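sequence and predicted model, in that order:
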Amino acid sequence: MSEENKALMRRWFEEVWNKQRFEAVEELFAADGVAYGLGPEAKSSMNGPADFKPFHANFCGAFPDLKVVVEDMIAEGDKVASRITVRGQHTGDHLGVAASQAPVEFTGMVIVRIKDGKFVEAWNNIDFMQLNQQIGLA
């Protein structure tokens, strides 16, 4: 099971983020799933693909060449943890600030719980401060 779950996590980063295949969000994120740590406040949550898709569209609009590299991955039971590095260039105005054209690189940790082949919970700890400094928001 752990290897299957790790493959699902790799698929998430590759298809949802690196290929920006929007329909993969619904394929991999349960309708009643919850993602924490991606909203404007650290404790906020996104419920299902409906909440996640606008975040995803804005982020991909700001960084159309975005690439997520999985540096490490550990799986146990129904959970998978990944340490990631994100790279791209800020060429879109989708984050409420004009495109800076700046290259960005920031890191994060993501832990997901998987049930029936979909993410049902996700805890995200992304260094948005590092990102914001690189595009002039902080």
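Cool, the structure landed.

state the distance from the residue nearest to residue 129 when sequence neighbours are not counted to residue 112.
Nearest non-adjacent residue to residue 129, counting by CB to CB, 6 or more residues apart in numbering: residue 138, 6.1 Å away. Using the backbone N, CA and C atoms, a C-beta is placed for each residue, glycine as well. In this view, residue 138 and residue 112 are 28 Å apart by CB to CB, to the nearest Å.

could you do residue 18 as well?
Counting by CB to CB, the gap from residue 18 to residue 112 is 17 Å.

these two - which one has more neighbours?
Taking other CB atoms under 10 Å, residue 18 and residue 112 do not tie; residue 112 has more neighbours (25 against 14).

is it true that the more buried one lies in a strand?
Yes. Residue 112: assigned to a strand according to DSSP: H, G, I helix; E, B strand; the rest coil.

show me what it bridges to in the sheet.
residue 80, residue 122 (DSSP bridges).

for this structure, what spans make up the strands?
Taking DSSP state E to define them, one finds strands in the chain at 29-36, 45-47, 67-76, 79-89, 103-115, 118-126.

per-residue confidence averaged over the shortest one?
Meaning strand 45-47. For strand 45-47, mean pLDDT is 92.

one more: stretch 17-31?
Mean predicted lDDT for stretch 17-31 stands at 97.

list the contacts of the spatially closest residue to residue 137 that is not a sequence neighbour.
Of all residues not flanking residue 137 in the chain, residue 97 sits nearest, at 5.7 Å (CB to CB, 6+ apart). Going by CB atoms under 8 Å, 6 or more residues apart in numbering, residue 97 touches 135, 136, 137.

for ChimeraX, what selects the buried ones among the residues you listed?
Only the buried entries of the contacts of residue 97 go into this ChimeraX selection, using 16 or more other CB atoms under 10 Å:
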select :135
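
all set, thanks.
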